[in-house]
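[1] Here's my sequence, what's the structure:
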Amino acid sequence: MDCSMCASPPVNDGILERRRMTMADSASNLSVKTEARPAAPADRWWPLDSLRSEIDRVFSEFGSPSIFDRAFGRMPAAFSRNMLALDLVESDKAFELSAELPGVDAKDLEVTLADGVLTIKGEKNETKEEKENDYYLSERRYGSFHRSLELPRGVDSEKIEANFSNGVLKVSLPKTPERQQNGKKITVKAS
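    Sure, this is the predicted structure:
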C-alpha cells in the first residue's frame, strides 16, 4: 500500500488551517460589553421594608391602622434597619414618647405633625480618624431613620413639645381636658 495515499491531500490542509485561523481570529475579536453599575442600594437587601412602608402609607391615607398593626401587633424595630425604636408611656395628663439617639445632633433631627400623624426623622453622620506613626485609619458612617405614628385621640396638638438632651429625644403629647376626664374607675364588688 502506498503511504502517499493515506495522507490528506495538501489542498485540504490549507483549507482546514485557514478555517482554524478564521475561528481563532473571530474568537479573539469578540466584543465584550462592560457596564459600570452602581452597587446595589442597601434597600434592596430589605425588600419587605419597602413593601411594609408602602402598605402602612396606603392604610394611613384612609385613617386606618396598618394591617400589620391590627393583625400582628407592631413589629419590633429590629425588623427594619431604619425604623426608629420608641417608648410610649401614658400618664393621666399626657403621653410621653422617648427615643434614644446616640451620636445624633439636634440640628439633624426633625419632628413634624401633619394630619394627626407625628413624624420623627433624622440623620446620623459619624467620622472617625486615627493617626499613629505606622498607620492611618479613617471611617465614615451615615444613616437615616424615620418613624411616623398616628396620634391617639384626645391629644392637644397645639401643646406638643419636643426636647433633645444627651442623645435622648423626648416628646410630650398633652391630653385635652376632655380626654383627661374620660377615664372612670369602676369598683369591683365581691359577691
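
[2] So the protein: which segments form each domain?
    For the chain, automatic domain parsing gives the domain ranges 44-82, 84-181.

[3] Pick out the shakiest of the ones you listed, pLDDT-wise.
    In terms of mean pLDDT, the lowest-scoring of the domains of the chain is domain 44-82 (a mean of 57).

[4] hmm, back to that, can you put the domains of the chain in CSV and add distance to V188 and mean neighbour count?
    Heads up, the C-betas are built off the backbone N, CA and C, glycines and all. What follows is the domains of the chain, written out as CSV (distance: least, CB to CB, whole Å; neighbours: other CB atoms under 10 Å):
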stretch, distance to V188, mean neighbour count
domain 44-82, 28, 12
domain 84-181, 21, 14
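
[5] quick one: which of the ones you listed is nearest S191?
    Among the domains of the chain, domain 84-181 comes nearest to S191, with 30.2 Å by CB to CB.

[6] End to end on the closest one, go ahead and measure it.
    End-to-end distance for domain 84-181, by CA to CA, to the nearest Å: 32 Å.

[7] So what touches stretch 159-174?
    Residues outside stretch 159-174 that contact it (CB atoms under 8 Å, 6 or more residues apart in numbering) are 93-104, 106, 109, 111, 113, 118, 120, 151-152, 155-156.

[8] Please flag which of those residues sit within strands.
    Secondary structure from DSSP state E places A94, F95, E96, L97, S98, A99, E100, L109, V111, L113, L118, I120 of these in strands.

[9] ok, these vs E132, which is closest?
    Checking these against E132 with CB to CB, the nearest one is E100 at 32.3 Å.

[10] Quick one: residues contacting the closest one.
    E100 makes contacts with A85, G167, V168, as judged by CB under 8 Å, 6+ apart.

[11] rerun at 7 Å
    Applying CB atoms under 7 Å, 6 or more residues apart in numbering to E100 gives the contacts G167, V168.

[12] One more: E178?
    G154.

[13] What strand or helix carries it?
    In this structure, E178 is located in helix 177-182 according to DSSP states H and E.

[14] ends of stretch 143-156, how far apart?
    32 Å.

[15] quick one: the helices in the chain?
    Assigned by DSSP state H, the chain shows helices spanning 10-28, 47-61, 67-72, 177-182.

[16] okay but R179 is in contact with G154, surely?
    Yes - with contacts counted by CB atoms under 7 Å, R179 reaches G154, the gap being 2.7 Å.

[17] can you redo the ones in strands among the contacts of stretch 159-174 as a markdown table with distance to D134?
    Output for those, formatted as a markdown table (distance: CB to CB, whole Å):
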| residue | distance to D134 |
| --- | --- |
| A94 | 56 |
| F95 | 54 |
| E96 | 51 |
| L97 | 48 |
| S98 | 44 |
| A99 | 41 |
| E100 | 37 |
| L109 | 39 |
| V111 | 46 |
| L113 | 53 |
| L118 | 51 |
| I120 | 44 |
